[in-house]
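Engineer: Just the structure for this:
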Amino acid sequence: MHDYIQRKIEKELHNALSRSPAVAILGPRQSGKSTTAKMLLKDIPSVYLDLQDRVDRNKLSEPELFFDHYRDKVICLDEIQLLPEFFSILRSEIDKDRRPGRFLILGSASRDLIKQSTESLAGRIAYIDLTPFTINEVANISIWSDIWLRGGFPESILAKNNMDSFDWRLDFIRTFMERDIPNLGFNIPVPIIERLWLLLAHYHGQTANYQKLAAAADISIPTLKKYLAILEQTYMIRLLPPAETNLKKRLIKSPKIYLRDSGILHALLDIEAYDSLLANPAAGASWEGFVIENIITEYDRWKPSFVRTSNGAEIDLILERAGERHFFECKLSKAPKPSRGFYELIDSIKPESAWVIAPVDEPYEIKKGIYVCPPTGLKI
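Structural biologist: Numbers count the residues shown, from 1 in each chain. Next up is the predicted model:
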């Protein structure tokens, strides 16, 4: 993978293996989990099993014998969501020998979806989320406009040209609908999930109107919410919650819907080139989602939310932690001008800092405590 790109999580992963009997790296399919794990383990005594491979799965037919044979090695189990019943066996094995760094587990579904892991391995496992590449991770090999257009999946961003990248993403979407969702045990007709995913691409960045979305997708509201949960738990969409605040204003209470990867969004919208992206009516919403996803990933220990009042004043993203708040506005403009509502909400809530993220060349202050900044190099 381009002489292996340094991933943000590597130090975190080393620390987790040094303190916890099991560590799970969770993230979307094709986000680089296997490559990251193999690079980490190449200098550590270890054994790697791909549970999509029938031969590797058969090696676990007598798990106690396998564990005994490799007791002195880190055992890496890839695509663990295919064997969810295996967590009870892991729990029993860990309870016999609770040394740190015994198991490294890779999965293409969130910890909420792999419920057995949270139930069976509570107190025995550390979780790490691995997203597709962020801007900062590939800043030395790709410019931000390419990352925005192609998204962060390694095969997409490292493709030889835009056409190869676009074709890879179309294949990814098809495989996800036809194979990945059924492999997780969900029986969703492909035409329905395809229609919903395309619909969500057109709703990208809007607050969720469940009644309107369900009617457009021709499914019931409970079914819509179930499908949204599946897409969220497989890292395809983000439901950004409204902030909990004591503002004396009427606030929008529904979450905002974003497709997490800008490249997948553009493939669904049939946007192949950068010029086409800039000319598309969805460009502003796409930029907003791209910026928000990168910030949330970089500051993953902070609680993300947004604020929108009934009269239209809005903060695109709020990060909160230990009583601190930071505001972010996303503007697709070389000369961004925040709205009056943005300034009003800053005056009302008084965050520690406020940022306007725009495609500018370098950061600058437009008002005391309010900065315009490019999508790279943000430091709060």
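Engineer: tell me the domain boundaries of this protein?
Structural biologist: Segmentation of the chain into domains, based on automatic domain parsing, reads 10-129, 136-373.
Engineer: so is Ile318 in a helix, a strand, or just coil?
Structural biologist: Secondary structure, DSSP: H, G, I helix; E, B strand; the rest coil: Ile318 is strand.
Engineer: ok, back up a step: now the weakest link among the domains of the chain, please, by mean pLDDT.
Structural biologist: Note on the domains of the chain: domain 10-129 shows the lowest mean pLDDT, a mean of 88.
Engineer: where along the chain do the strands fall?
Structural biologist: Ranges of strands in the chain, per DSSP state E, are 22-26, 46-50, 74-78, 103-107, 125-129, 237-240, 256-259, 303-308, 314-321, 324-330, 353-357, 364-367, 370-373.
Engineer: Would you mind listing the outside residues contacting the first one?
Structural biologist: Contacts made with strand 22-26 from outside it, assessed by Cβ atoms under 8 Å, 6 or more residues apart in numbering, are listed as 9, 13, 16-17, 33, 36-37, 80, 90, 94, 101-111, 114, 117, 121, 124-130. Placement of C-beta: from N, CA and C, glycine included.
Engineer: mind checking the end-to-end distance for stretch 136-154?
Structural biologist: By Cα to Cα, to the nearest Å, the extent of stretch 136-154 from end to end equals 14 Å.
Engineer: Name the residues of that stretch that are buried.
Structural biologist: The neighbour-count check on stretch 136-154 (16 or more other Cβ atoms under 10 Å) flags 136-138, 142, 144, 146-154 as buried.
Engineer: Let me know which of the strands of the chain is the nearest to Asn294.
Structural biologist: Comparison of the strands of the chain against Asn294 by Cβ to Cβ identifies strand 353-357 as nearest, at 8.9 Å.
Engineer: Distance from the chain centre to that closest one, please.
Structural biologist: Centroid separation for strand 353-357 versus its chain: 22 Å, with Cα atoms, centre = their mean, to the nearest Å.
Engineer: Same list as before, the strands of the chain that is, but in JSON lines and with distance to Ala217 and mean neighbour count included.
Structural biologist: Shown next, in JSON lines, are these (distance: least, Cβ to Cβ, whole Å; neighbours: other Cβ atoms under 10 Å):
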{"stretch": "strand 22-26", "distance to Ala217": "27", "mean neighbour count": "26"}
{"stretch": "strand 46-50", "distance to Ala217": "35", "mean neighbour count": "17"}
{"stretch": "strand 74-78", "distance to Ala217": "33", "mean neighbour count": "22"}
{"stretch": "strand 103-107", "distance to Ala217": "28", "mean neighbour count": "24"}
{"stretch": "strand 125-129", "distance to Ala217": "28", "mean neighbour count": "18"}
{"stretch": "strand 237-240", "distance to Ala217": "14", "mean neighbour count": "20"}
{"stretch": "strand 256-259", "distance to Ala217": "13", "mean neighbour count": "26"}
{"stretch": "strand 303-308", "distance to Ala217": "24", "mean neighbour count": "20"}
{"stretch": "strand 314-321", "distance to Ala217": "26", "mean neighbour count": "20"}
{"stretch": "strand 324-330", "distance to Ala217": "27", "mean neighbour count": "21"}
{"stretch": "strand 353-357", "distance to Ala217": "31", "mean neighbour count": "23"}
{"stretch": "strand 364-367", "distance to Ala217": "41", "mean neighbour count": "11"}
{"stretch": "strand 370-373", "distance to Ala217": "37", "mean neighbour count": "19"}
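Engineer: Verify the stated contact: Lys303 with Ala322.
Structural biologist: No. Between Lys303 and Ala322 there is no contact under Cβ atoms under 8 Å: 10.1 Å.
Engineer: list the contacts for Asp316?
Structural biologist: Neighbouring residues of Asp316 by Cβ under 8 Å, 6+ apart: Glu288, Val291, Ile292, Phe306, Phe328, Glu329, Cys330.
Engineer: what do you get for Ser142?
Structural biologist: When contacts are counted by Cβ under 8 Å, 6+ apart, Ser142 touches Ile157.
Engineer: For it, give its distance to Thr376.
Structural biologist: According to Cβ to Cβ, to the nearest Å, Ser142 stands 11 Å off from Thr376.
Engineer: can you count the residues close to Arg169?
Structural biologist: With neighbours defined by other Cβ atoms under 10 Å, the count for Arg169 comes to 24.
Engineer: how about it, what does it touch?
Structural biologist: Counted by Cβ under 8 Å, 6+ apart, Arg169 has contacts Arg150, Gly151, Phe153, Ser156, Gly263, Ile264, His266, Ala267.
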